[in-house]
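Peer 1: Sequence and predicted structure, then a few things I'm wondering about:
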Amino acid sequence: MDVTDLTPAERRVREAFPLGEGVDFRESDDEDTAQGASWGPRRTLRAQVLRELLLDGPVGEGRIAGLKVTGARITGRLDLDHGTVGHPVRLRSCHFDQAPRLYAAQVVALVLSDSVLPGLTAGNLRAEGVVRLTCCRITGPVRLQGARLSGALFVNGARLGRPGEVPEEPVLQLNHAEVATDVWAPGLVAHGKVHLNGAVVRNQVNLNDAELNAPGETALHAEVLTVGTDLHAMRLRTRGRVNLGGARIPRQLNLAHARLSNPGGQALRASSSVIGELWLREAAPIEGSVNLRRAQLDLLHVPPEVWPEQVQIDGLSYRVLAPHLPAEQRLALLEREQESYLPYPYEQLTTAYRTVGDDAAARTVQLAKLRRHRRTLPAYARVWGCLQDAAVGYGFRPMRAAGWLLLLLCTGTLAFALHRPPALKPSEAPAFNPLFYTLDLLLPIIDFGQEGAYAPDGWYQWLSYVLIVTGWVLATTIAAGVSRSLSRQ
């Protein structure tokens, strides 16, 4: 394009380009870029002019050329599809009438901070430096699927989509993208779906204070996401599902103070994921169900009140559970989660308590597991289970047996002391001792010679039968319970 065909604003940009200098068209630092459609010719640039500068613009001797424009209105479509741009592109606080196209383009750096755009198409983009969309307002989709970024992606403070709308196409698309450093998105507000399926981020993803709105849809779709270190999402607010199925986050998934809401559907899915630490510390109670099936965690930090009514944790493995609470407060979740008896969650909770040295809590969990299993047994087996539970707590409450024995021993001793049973052979019978007579009745493997020498009558005879039967049941139950406890040790 001939220089004589350029407007004064375009000539300013063309003169600054080879020197790498910036052109600022703003009238004040706090002007609203959303009003850019009304900006006049003195700050309007044609996209075609910018395209020619970027692809074939002059370069000053000894200078680093670059497009650095602030506060301009850009008309037409900036089309750089498949192009190679060897200069940094910095178009800050600009108003784009049409969505730029950079499909499969190669750029040094792309900076559109504080700009207003109807969309951005940059699938398979190759960037040697950063891509910065900080505080942009973009009403249409941002297509970065398959992009390869050697620097970071900044979308912090950006506003994507239109409030109150959930478009069919995701407003941010990073499917199968590769980012060599960070995806930096604190304060991002998305009215629509955000997709990171299969993306690889070498360092961290930061969604602190972000707000993702896709009611009834998947607000964050990040299946098989691979993160080098952490995914920070403190104070994240979502309306819609957060899907992290199969994600790999080696250090920390931090959802502290988050508010996850998807009533009537899944609010959080992280099944089959591998995560170092999952934090939901001081998060709001989750609205919707949670699916953590087959997930692998080193640390799970979730207060009981955060869990919703429906939680799927079959196959979930974790080494440490925090905060450390009495087992009774954790067992409520296991009872709520299972429609049928599943032993693994109980075993996993037992292991977590043993890891921190709380053997008493581990025994409580095992006892709850056996009680839960008892409900699935036939009637006769449930009766036998109830006897073992009442007697010795399935071997996990051994002191309970001592209490039963002491109660029965005192009852029998007092009864037979008040009413001495007659001797079968008075001349041969040993001196009667109510204590040892009761022990003879209670303990089938001990014989003090009292039981065979005396024969009670009346209701005392029935008392002796009760002591014999309960002694046998109690001894058998103790043996079974202790055997089970020893085998589990």
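Peer 2: Perfect, I can see it now.

Peer 1: Grab the nearest non-local neighbour of residue 354.
Peer 2: Excluding the flanking residues, the one nearest residue 354 by Cβ to Cβ, 6 or more residues apart in numbering is residue 362, at 4.8 Å. All C-beta atoms are positioned from the backbone trio N, CA, C, and that covers glycine.

Peer 1: doesn't residue 308 fall inside a helix?
Peer 2: No: using DSSP: H, G, I helix; E, B strand; the rest coil, the assignment for residue 308 is coil, not a helix.

Peer 1: If you drop the residues flanking it in sequence, what lies closest to it?
Peer 2: Nearest non-adjacent residue to residue 308, counting by Cβ to Cβ, 6+ apart: residue 286, 4.6 Å away.

Peer 1: I'd say that neighbour and residue 305 touch.
Peer 2: No: contact between residue 286 and residue 305 fails when scored by Cβ atoms under 8 Å: they sit 10.0 Å apart.

Peer 1: neighbour-wise, which of these two wins?
Peer 2: Set residue 286 next to residue 305 and count neighbours by other Cβ atoms under 10 Å: residue 286 wins out with 26 against 10.

Peer 1: which residues touch that one?
Peer 2: 260, 261, 267, 268, 306, 307, 308 (Cβ atoms under 8 Å, 6 or more residues apart in numbering).

Peer 1: Please report how far residue 413 lies from residue 445.
Peer 2: Look at residue 413 and residue 445: by Cβ to Cβ, to the nearest Å, they are 19 Å apart.

Peer 1: Could you find the closest non-adjacent residue to residue 240?
Peer 2: residue 219 (3.2 Å).

Peer 1: What is the three-state secondary structure of the one you found?
Peer 2: Looking at residue 219 with three-state DSSP, the answer is strand.

Peer 1: what's the pLDDT at it?
Peer 2: Here, the pLDDT recorded for residue 219 equals 97.

Peer 1: go on, residue 371?
Peer 2: pLDDT, residue 371: 78.

Peer 1: residue ranges of the helices in the stretch 301-450 of the chain, please?
Peer 2: 327-337, 343-355, 359-374, 379-392, 398-418, 434-442 (DSSP state H, counting those that start in this stretch).

Peer 1: And the longest one, how far out from the chain middle?
Peer 2: How far helix 398-418 lies from its chain's middle: 52 Å, per Cα atoms, centre = their mean, to the nearest Å.

Peer 1: Which neighbouring elements make contact with it?
Peer 2: helix 379-392, helix 434-442, helix 459-488 (3 or more Cβ pairs under 8 Å, 6 or more residues apart in numbering; DSSP states H and E).

Peer 1: cool, and the shortest one?
Peer 2: Under the contact criterion of 3+ Cβ pairs under 8 Å, 6+ apart, helix 434-442 touches helix 398-418, helix 459-488.

Peer 1: wait, what's in contact with residue 218?
Peer 2: With Cβ under 8 Å, 6+ apart as the criterion, the residues that contact residue 218 are 193, 240, 241, 242, 243.

Peer 1: how about JSON lines for the contacts of residue 286, with distance to residue 340, neighbour count and pLDDT added?
Peer 2: Below are the contacts of residue 286 laid out as JSON lines (distance: Cβ to Cβ, whole Å; neighbours: other Cβ atoms under 10 Å; pLDDT from 0 to 100):
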{"residue": "260", "distance to residue 340": "27", "neighbour count": "29", "pLDDT": "97"}
{"residue": "261", "distance to residue 340": "29", "neighbour count": "17", "pLDDT": "97"}
{"residue": "267", "distance to residue 340": "23", "neighbour count": "24", "pLDDT": "97"}
{"residue": "268", "distance to residue 340": "23", "neighbour count": "25", "pLDDT": "97"}
{"residue": "306", "distance to residue 340": "25", "neighbour count": "18", "pLDDT": "95"}
{"residue": "307", "distance to residue 340": "19", "neighbour count": "19", "pLDDT": "93"}
{"residue": "308", "distance to residue 340": "20", "neighbour count": "18", "pLDDT": "93"}
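
Peer 1: Tell me which two of those residues sit farthest apart.
Peer 2: Farthest pair in the contacts of residue 286 (Cβ to Cβ) is 261 and 307. Separation: 14.4 Å.

Peer 1: burial of the residue nearest to residue 240, as a residue count?
Peer 2: Neighbourhood size, residue 219 [other Cβ under 10 Å]: 28.

Peer 1: how about stretch 199-212: buried residues?
Peer 2: Buried residues in stretch 199-212, defined by neighbour count with 16 or more other Cβ atoms under 10 Å: 199-201, 203-212.

Peer 1: my bad, should have said stretch 271-285
Peer 2: Quick answer for stretch 271-285 (16+ other Cβ under 10 Å): 271, 272, 273, 274, 275, 276, 277, 278, 279, 280, 281, 283.

Peer 1: Convert that stretch to PDB, keeping the C-alpha atoms and dropping everything else.
Peer 2: Provided in PDB are the C-alpha atoms of stretch 271-285 (Å, rounded to 0.1, in the frame of the first residue of the first chain):
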ATOM      1  CA  SER A 271     -12.300 -39.500  38.500                       C
ATOM      2  CA  SER A 272      -9.100 -41.500  37.400                       C
ATOM      3  CA  SER A 273      -7.000 -38.400  38.000                       C
ATOM      4  CA  VAL A 274      -3.600 -38.300  39.700                       C
ATOM      5  CA  ILE A 275      -3.200 -35.400  42.000                       C
ATOM      6  CA  GLY A 276      -0.500 -34.600  44.600                       C
ATOM      7  CA  GLU A 277      -2.800 -32.700  47.000                       C
ATOM      8  CA  LEU A 278      -6.500 -31.800  46.700                       C
ATOM      9  CA  TRP A 279      -7.400 -28.900  48.900                       C
ATOM     10  CA  LEU A 280     -11.000 -27.800  49.600                       C
ATOM     11  CA  ARG A 281     -10.200 -26.000  52.900                       C
ATOM     12  CA  GLU A 282     -12.900 -23.600  53.900                       C
ATOM     13  CA  ALA A 283     -14.700 -24.100  50.700                       C
ATOM     14  CA  ALA A 284     -18.500 -23.500  50.500                       C
ATOM     15  CA  PRO A 285     -20.600 -26.700  50.700                       C
END
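
Peer 1: Now do the same for that stretch: mean pLDDT, whole number.
Peer 2: Mean predicted confidence for stretch 271-285 is 96.

Peer 1: ranking the helices of the stretch 301-450 of the chain by burial, who's on top?
Peer 2: Comparing those by mean neighbour count (mean count of other Cβ atoms under 10 Å), helix 434-442 comes out on top with a mean of 22.

Peer 1: And the pLDDT at the residue sitting furthest away from the middle of the chain?
Peer 2: Most distant from the centre of the chain: residue 427, at 80.1 Å, with distances by Cα atoms, centre = their mean. Looking at residue 427, its pLDDT is 73.

Peer 1: From residue 24, how far out is it?
Peer 2: 125 Å.

Peer 1: that older thread, which one of the helices of the stretch 301-450 of the chain lies nearest to residue 49?
Peer 2: Nearest of the helices of the stretch 301-450 of the chain to residue 49, taken as Cβ to Cβ: helix 327-337 at 62.4 Å.
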